[in-house]
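Colleague: coordinates only, sequence not included:
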């Protein structure tokens with residue numbers, strides 16, 4: 001994805017939930033999740049049968065990968081490696097703390113599987129919580 005692609009997120013500015021800090025992934029992130037799914041499907045077509053994929057996400061890409069897996073499934077994914085990803089929303093009511101995700105991390109924490117290492121789906125988090 002290119003930098004201009006991220007301007008699509010500006011669509012969230014017209015959603016009242018953005019200003020309340022209760023933004024939902026749909027429809028704001030649909031373009032991103034579709035792009036990730038297209039890449040996953042292409043990789044699976046090029047890979048030998050029975051292949052599973054490893055996803056790597058940096059910063060927001062880590063929790064966006066969790067969102068992708070929640071919406072599109074994990075049958076083709078065996079590892080999520082995150083680098084510097086905040087997996088928890090910022091604390092509420094702390095002066096000077098702003099949720100830059102406008103509530104999206106709250107959604108991820110509530111509706112996405114916990115990033116817990118299992119034999120079938122491994123999570124590795126580097127320099128993040």
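Modeller: Received the coordinates, thanks. All values derive from a computational prediction rather than experimental measurement. Numbering: from 1, shown residues only.
Colleague: Mind jotting down where the helices sit in the chain?
Modeller: 16-20, 30-46, 60-72, 104-111 (DSSP state H).
Colleague: Could you identify which of those helices is most buried?
Modeller: Of the helices of the chain, the one with the most neighbours on average (mean count of other C-beta atoms under 10 Å) is helix 60-72, at a mean of 21. All C-beta spots, glycine's among them, are computed from the backbone N, C-alpha and C.
Colleague: and the angle from that one to helix 104-111?
Modeller: Here the directions of helix 60-72 and helix 104-111 differ by 40 degrees (axes from the mean of the first three to the mean of the last three C-alpha atoms, to 10 degrees).
Colleague: any low-confidence regions in this structure?
Modeller: 129 (pLDDT under 70).
Colleague: And the residue nearest the centre of it?
Modeller: Nearest to the geometric centre of the chain sits residue 64, at 0.9 Å (C-alpha atoms, centre = their mean).
Colleague: Look up how far residue 51 lies from that one.
Modeller: 22 Å (C-beta to C-beta, to the nearest Å).
Colleague: With residue 113 instead?
Modeller: Distance of residue 113 to residue 51, computed by C-beta to C-beta: 22 Å.
Colleague: These two: which has the busier surroundings?
Modeller: residue 113 (14 against 11; other C-beta atoms under 10 Å).
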